[in-house]
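**Q** Sequence plus predicted model, see below.
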Amino acid sequence: MELDQTFRTLLATLDLELYDLELTAGTLAVTVYREGGVDLDVLTSANRLLSQWLDEHDPIPSHYTLDVSSPGLERRLRTPVHFSHAIGELVTLRERRAESSTRRLEGVLRAADEHGVLIDDAQAGEVRVAFDDIERARTVFVWGASAKPTPSRAPATSPLTSRKG
C-alpha cells in the first residue's frame, strides 16, 4: 500500500504533515501534524479530503474505517523522524536486550540519528539504543508542576524544636 506519498501531497494542501499511517484491524489510522497544533476544524478538513480520495481511488480492497487524528500529548514513536521531532522531550521506551531481560528506560531524549537514540535515563544515565532494539516508545506528558509548599503542607515543627534565625 503506497498511500504514504499520496497522503503527504494531499495533506500539504491543508498545511499538514503526515505523522503516521497504519492499517490494522480494519482501521486506517492517519495521524497528522502541524507546528503549533491541529484543531478540530483542520482534522475535519483532513478527514474529508482523504475520505474523498479513498472513495475515488479505492486502494484498499477490504472494509475499513478511516481515523484521522493528531499525535496528541503522549504520542507513539516508531520512525527515526518521530524520534528526531521528540529531541529534548521526556520519553519512555522498552529496550530488547539479547543478553538479559527487556528493560524500560525513561528520560530526556538527547539525540536521534539513522541508527538509534540517546536517552538520558533517570537511573542508568545516558544510554544509546539502536532502533532495532526498541520494542516500543512514546513521549511522556507530565501533568502540572510539582506542588509548592504551603503553610498547610509545610513540615510541622514541634514546640520542642528550636529554630535558628
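**A** Cool, got the structure.

**Q** How about the residue most central in space within the chain: what's its closest non-neighbour residue?
**A** Nearest to the mean C-alpha position of the chain, by Cα atoms, centre = their mean, lies residue 75 at 2.2 Å. Among residues not flanking residue 75 along the chain, residue 139 sits closest, at 5.3 Å (Cβ to Cβ, 6 or more residues apart in numbering). In this view, the C-beta of every residue, glycine as well, is placed from N, C-alpha and C.

**Q** tell me the pLDDT at the one you found?
**A** Residue 139 carries a pLDDT value of 95.

**Q** Does the residue nearest to the centre of the chain touch residue 138 like I think?
**A** Yes - in this structure, residue 75 is within contact of residue 138 by Cβ atoms under 8 Å, at 6.3 Å.

**Q** in its sheet, what does the longest strand along the chain sit against?
**A** The single longest strand within the chain, with elements called by DSSP state E, is strand 103-112. The pairing partners recorded for strand 103-112 under DSSP bridges are strand 90-95 (antiparallel), strand 116-121 (antiparallel).
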